[in-house]
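# generate a structure from the sequence data that follows.
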Amino acid sequence: MHDAINNKPVDSPEPRGLGRRHFINSAALAGLALGAAACAEKKGEAAAPAAASGATPAAGDHGANATHLKPGELDTYYGLWSGGHTGDMRVLGLPSGRELLRIPCFVPDALVGWGITNESKAIMGTRPDGSLRYTVADTHHTHASYKDGDYDGRYAWINDKINSRIARIRLDHFVCDKITQLPNVQGFHGIFPDKRDPVDPAINYTTRVFCGSEFGIPLPNTATEDHTQYRSMFSCVDAETMEVRWQVLLDGNCDLAATSYDGKLAATNQYNTENGARFEDMMSAERDACLFFNIARIEAAIKDGSFKTIGKSKVPVVDGTRAANKDPRTALTAYVSVPKNPHGVNASPDQKYFICAGKLSPTASVIELAKVLDWFDGKLEKIDDAVAAEVEIGLGPLHTAFDGRGNAYTTLFLDSQVVKWNVEKAIAFHKGDKNAKYVVDRIDVHYQPGHLNASQSETVNADGKWLAVGCKFSKDRYLPVGPLHAENEQIIDISGEKMVLKADHPVRGEPHDFIIFKRELLKPKQTYALDDFPNAIKDPKESGVFRQGRKVTVKVTSQAPTFSLREIKVKKGDEVTLILTNLDKIEDLTHGFAIPNYNVNFIVNPLETKSVTFIADEVGVFWCYCTHFCHALHLEMRSRLIVEA
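Next up is the predicted model:
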């Protein structure tokens, strides 16, 4: 299709059945005529008009209004953002910066009933009494699964630093489906999936997720002030089962993580290699490290039985300390010296380098991965010879993104800038070519930037179109709303030689990391399938109240604008499990179910099933109602819970 007025191509979405707007309009008339009777879908209805999906911005359209899309226009990229202390993942459209969804993971969410339904509680984890084990979280970093060096649209992962948990997000439905708590660690921070198998070249996709812990603890954890007994771990989680495969005992701690494109290496930048327990102790060393892991050797050692377990955990633990890895021919780990207190390690899309930024040093270190492998093979005398460059770029360098044209973009926390610099020219300068002008551009941001990322940055298809930067202080950028300020996410056009600041977006604190990728890499499903749920109620005739002693199961379906049960009768003291299936097949036709006084409210998307369990401890009539607008007769969509004495 083509938009003749604007001379732009227009998306031609595949028909997905009856459009929601058409459904609501026609169903409203039918509902008014038929009263409370549910209206059947009309066969052969036309799909929503193409204009509702809008036009795609033209390629390279980075003009003045490029981030301000017209009504109905779709973004070119998805962004997956960490949610910070809200314990969720956020989905943004880029370059507009519009927030599309929040995916609850680690903490309850009242909108969708996360932490209320039985299904979400099973994922989150509960205590013996059925209450949630944790209700706080601190999400920092998020990354997605790979195939052939690019995102494959299967999964994304996000960490909870407080309680050492990792959550997996299914990207077909944008929901959290598994959460794992890592043993033997605290302060789980860095996260990165592998990009292919380290041994088998046929496995060209993500099978592992690597997790670094910041805080050293006694192993097993006992109450001792002797911090010399504290150690950190680097963990490997299976991408499919979400079970912890293995852990590596370290000197020092972990900050962030990165993985090589060939699958052979994972890395973490390390501050506090001193193993200090107090602030001043963490600052005493002149240099820290970027620590590399030889994945194939680690897994071979475990296969050979060269591991131990700690406490109640059955996870294999190998020794990755300096003392145990002096011989490169047998080493599992390699500690590359970098300036003190580095913050961030990132893999370049040309597959050659990891960039480790200095934070307390005005430098960035470029580490050549081929030379790290040479050291493991005994071909390089000193592991520090793998450093291809260590160059000054500005004050407070933290995180680095890439444009696929040989340039790196690093946040400068103290300078409140993003600096653009050329990696190969930096290497040339480091080798002695003082005429190599490696700093290309600088741009002021507002203020104190932390994480940044560019479109497709850490894939082989980095496209150098857009860069987003998260600024920790917004100060005068927005209307004042009291002492707690929003943070400032800024969108920068990096398609040309000079960076151009395009937009500011206030965000609720405190997000950290994010990724940006082309929208065509995802194929989200607009509805569920009934067979996705073993407890689905496939026909309203299956509805009813079923009693086994004091345990009562209530089966209900929803189909706009009615619930299949108009009355639900139970007795005081009953343990009630209510199962609700949404039988509407129409995209965007979500229903909610709330019970006053019983702390029950959740949603069911089209053809989805969820359940809740509660004790009927209050006698009376309680109107159960749909909380998610679904129909012209939405207000009339109710049922009565009658709790008899």
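# can you list the residue ranges for helices in this protein?
Along the chain, counting by DSSP state H, helices occupy 20-34, 50-53, 118-124, 295-303, 369-376, 423-430.
# those helices: lowest mean pLDDT?
For the helices of the chain, the weakest mean pLDDT is recorded on helix 50-53, namely a mean of 34.
# residues contacting the nearest residue to Ser313 once chain neighbours are set aside?
Of all residues not flanking Ser313 in the chain, Pro183 sits nearest, at 3.8 Å (CB to CB, 6 or more residues apart in numbering). All C-beta atoms are positioned from the backbone trio N, CA, C, and that covers glycine. Residues in contact with Pro183 (CB atoms under 8 Å, 6 or more residues apart in numbering) are 244, 247, 310-313, 315.
# which ChimeraX command selects the buried ones in the residues you listed?
If you want just the buried ones from these in ChimeraX, going by 16 or more other CB atoms under 10 Å, the selection is:
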select :244,247,310,315
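# as TSV, the contacts of Pro183 with distance to Met637 and pLDDT would be great.
As requested, those are exported to TSV (distance: CB to CB, whole Å; pLDDT from 0 to 100):
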residue	distance to Met637	pLDDT
Val244	45	98
Gln247	51	98
Ile310	54	97
Gly311	52	95
Lys312	49	95
Ser313	49	97
Val315	49	98
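# narrow the contacts of Pro183 to those in strands?
244, 247 (DSSP state E).
# which one of the contacts of Pro183 is nearest to Asp129?
Nearest to Asp129 among the contacts of Pro183, counting by CB to CB, is Lys312 at 21.5 Å.
# and Leu521, how many neighbours?
Leu521 has 18 neighbours, counted by other CB atoms under 10 Å.
# ok, now how distant is it from Asp194?
Between Leu521 and Asp194 the computed distance is 18 Å (CB to CB, to the nearest Å).
# about what we covered before: just give me the closest of the contacts of Pro183 to Leu583.
Distances from Leu583 to the contacts of Pro183, taken by CB to CB, are shortest for Val244, at 39.5 Å.
# okay, the residue nearest to Gln351 when sequence neighbours are not counted: pLDDT?
Closest residue to Gln351 apart from its sequence neighbours, by CB to CB, 6+ apart: Tyr261 at 4.2 Å. pLDDT for Tyr261: 98.
# go ahead and confirm Tyr261 touches Asp197.
No. Counting by CB atoms under 8 Å, Tyr261 stays clear of Asp197, with 11.9 Å between them.
# quick one, which of those two is more surrounded?
Just comparing Tyr261 and Asp197: by other CB under 10 Å the higher neighbour count belongs to Tyr261, 22 against 19.
# residues in contact with that one?
149, 195-196, 347, 351, 460.
# pLDDT score for the residue nearest to Ser313?
Reported pLDDT for Pro183: 98.
# how much space between it and Asp194?
21 Å.
# and Ala462, by the same measure?
Look at Ala462 and Asp194: by CB to CB, they are 18 Å apart.
# ok, the two, which is more surrounded?
Asp194 (26 against 21).
# list the contacts of that one.
Residues in contact with Asp194 (CB under 8 Å, 6+ apart) are 146, 206-210, 259, 263, 266, 295.
# try 6 Å
Each residue near Asp194 by CB atoms under 6 Å, 6 or more residues apart in numbering is listed here: 206, 208, 259, 263.
# burial measure for the nearest residue to it once chain neighbours are set aside, as a count.
With sequence-adjacent residues excluded and distances taken as CB to CB, 6+ apart, Asp194 is closest to Arg208, at 4.6 Å. By the criterion of other CB under 10 Å, Arg208 has 23 neighbours.
# what of Thr613?
17.
# contact partners for the nearest residue to it once chain neighbours are set aside?
Nearest residue to Thr613 in three dimensions, chain neighbours excluded: Thr577, at 4.6 Å (CB to CB, 6+ apart). Thr577 sits next to 553, 611, 613 when contact means CB under 6 Å, 6+ apart.
# and Ile179, by the same measure?
Taking CB under 6 Å, 6+ apart, one finds 123, 165, 167 in contact with Ile179.
# most neighbours among those, which one?
Ala167 (27 neighbours).
# what sits against that residue?
So Ala167 contacts 105, 158, 176, 179 (CB under 6 Å, 6+ apart).
# how about those in TSV, adding distance to Ala632 and pLDDT?
Converted to TSV, those look like this (distance: CB to CB, whole Å; pLDDT from 0 to 100):
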residue	distance to Ala632	pLDDT
Cys105	35	97
Ile158	38	98
Cys176	33	98
Ile179	39	98
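# among those, which pair sits farthest apart?
Ile158 and Ile179 (9.9 Å).
# returning to that earlier point: distance of the residue nearest to Thr613 relative to Val554?
Taken as CB to CB, the spacing of Thr577 relative to Val554 amounts to 7 Å.
# Thr333 too?
Look at Thr333 and Val554: by CB to CB, they are 56 Å apart.
# do Asp403 as well
Asp403 sits 56 Å away from Val554, going by CB to CB.
# do the same with Ala364
For Ala364, the distance to Val554 equals 60 Å [CB to CB].
# what of Arg165?
Counting by CB to CB, the gap from Arg165 to Val554 is 32 Å.
# for Ile491, same thing?
Ile491 is 48 Å from Val554, where distance means CB to CB.
# ok, the two, which is more surrounded?
The residue with more neighbours, out of Ile491 and Val554, is Val554; 24 against 21, by other CB under 10 Å.
# pairing partners for the closest residue to the more buried one other than its chain neighbours in the sheet, please.
The shortest distance from Val554 to any non-neighbouring residue, by CB to CB, 6+ apart, is to Leu578 (4.5 Å). Beta bridges link Leu578 to Val554, Val612, judged by DSSP bridges.
# ok, Leu578 - how many residues close by?
There are 27 residues near Leu578, going by other CB under 10 Å.
# that one touches Phe614, doesn't it?
No. Judged on CB atoms under 6 Å, Leu578 makes no contact with Phe614 at a distance of 7.9 Å.
# pLDDT below threshold where in the protein?
Where the chain drops to pLDDT under 70, the residues are 1-65.
# redo that, cut-off 80
Where the chain drops to pLDDT under 80, the residues are 1-66.
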